[in-house]
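*Asks:* Provided below are the primary sequence and the corresponding predicted coordinates.
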Amino acid sequence: MMQYSIHRSQNRGGADHGWLNTKHSFSFAHYFNPYRMGFGALRVINEDVVAPKTGFPNHPHRNMEIITIVKEGALRHQDSTGNSGIIPVGEIQRMSAGSGIFHSEYNHSSTDRVHFFQVWIDTKENEIIPDYEQNNYQYHEIRNKLFPIVSGFDNRSDNTLYIHQNAEILLGNLDEDIKVNHTIRNPNNGIYVQVVKGKLEFGNDILNAGDGLQITETDNLKLKSLNSSEIIVFDVPI
């Protein structure tokens, strides 16, 4: 029988550092909640707004898949493997930290803020060679449906980045009164939905911007948009 819980936006952790306004769906940095340590292989969902001319200086990661989804502005990336570039709205970055990597992320603009989600997912194997990919998606691919932007499964499309885990991340931009569903890719997986914008209906419950919905013991997700909405859907091992 399906099990689910809703984590309201106002209950997320986070802080306002002036240059950075951040919200944490799970325990991170100075926010610790023993009941919010992640969701299976999904360890971090941070929603960050970074002021112009600022960002995160060089710092290390290891044995983690790090996915960056920019919603407003552009982010400048540089890492110890020699990769560098700009991540604008409409592009996805996937970095496999593997055996160890250093990277920095800065707001590319000197005048406008950058708003993005950064996601950490455990790798299925430790100490892999660090790796980096970046790709764009087209608006029509995510309008009124769920489109996989990152996947560890073999039958992914050309516009879907590879992840070293039996997991999938999907984006959806939904008009009012649109119904979407997603069939879970692996019987050992669960679903986590992060609402970016708008209002949605899940059974008898209403989800608002910033809310998170986690679901286990089911093979299918069904949602209905009540107005113009944006969601990120995580299909991850539990």
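*Replies:* Looks like it came in fine.
*Asks:* thought S110 was touching A51?
*Replies:* No. Look at S110 against A51 with CB atoms under 8 Å: they stay out of range, at 10.4 Å. The C-beta positions use only the backbone N, C-alpha and C, and glycine is treated the same way.
*Asks:* Need the overlap of contacts for these two.
*Replies:* Common contacts of S110 and A51 (CB atoms under 8 Å, 6 or more residues apart in numbering): none found.
*Asks:* Of these two, which one has the most company?
*Replies:* Using other CB atoms under 10 Å as the criterion, S110 and A51 rank with A51 on top: 16 against 7.
*Asks:* what's the closest non-adjacent residue to that one?
*Replies:* Using CB to CB, 6 or more residues apart in numbering and skipping the chain neighbours, the partner closest in space to A51 is W19 (4.6 Å).
*Asks:* Repeat that for K124.
*Replies:* Using CB to CB, 6+ apart, the closest residue to K124 is Q165 (5.0 Å).
*Asks:* from memory that neighbour sits against E65, does it?
*Replies:* Yes. Judged on CB under 8 Å, Q165 makes contact with E65 at a distance of 6.0 Å.
*Asks:* Find residues that contact each of these two.
*Replies:* 121-123.
*Asks:* the bottom helix or strand of the protein by mean pLDDT?
*Replies:* Among the helices and strands of the chain, helix 139-142 carries the lowest confidence by mean pLDDT, DSSP states H and E, at a mean of 90.
*Asks:* Quick one: residues in contact with that helix.
*Replies:* Contacts for helix 139-142 (CB under 8 Å, 6+ apart): 90, 147, 159, 171-173.
*Asks:* May I have whatever helix or strand comes next after it as PDB, with CA atoms only?
*Replies:* With elements assigned by DSSP states H and E, the helix or strand that comes after helix 139-142 is strand 147-151. Provided in PDB are the C-alpha atoms of strand 147-151 (Å, rounded to 0.1, in the frame of the first residue of the first chain):
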ATOM      1  CA  PHE A 147      11.000  14.800 -19.100                       C
ATOM      2  CA  PRO A 148      14.100  13.000 -17.800                       C
ATOM      3  CA  ILE A 149      17.000  15.300 -17.600                       C
ATOM      4  CA  VAL A 150      19.300  12.900 -15.800                       C
ATOM      5  CA  SER A 151      19.100   9.100 -15.800                       C
END
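*Asks:* Low-confidence bits of this structure, can you list those?
*Replies:* By pLDDT under 70, the chain contains no weakly predicted segment.
*Asks:* what do you get if the cut-off is 90, keeping everything else the same?
*Replies:* Across the chain, the ranges flagged by pLDDT under 90 are 1, 137-140, 154-159, 185.
*Asks:* coming back round to it: now the shared contacts of Q165 and E65 in a markdown table, please, with extra columns for neighbour count.
*Replies:* Shown next, in a markdown table, are the shared contacts of Q165 and E65 (neighbours: other CB atoms under 10 Å):
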| residue | neighbour count |
| --- | --- |
| I121 | 28 |
| D122 | 18 |
| T123 | 20 |
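*Asks:* Out of those, which sit inside strands?
*Replies:* 121-122 (DSSP state E).
*Asks:* JSON lines please, covering the shared contacts of Q165 and E65 and showing distance to G210.
*Replies:* Output for the shared contacts of Q165 and E65, formatted as JSON lines (distance: CB to CB, whole Å):
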{"residue": "I121", "distance to G210": "20"}
{"residue": "D122", "distance to G210": "24"}
{"residue": "T123", "distance to G210": "28"}
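*Asks:* Can you tell me which of the shared contacts of Q165 and E65 is closest to N220?
*Replies:* Nearest to N220, judged by CB to CB, of the shared contacts of Q165 and E65 is I121 at 21.6 Å.
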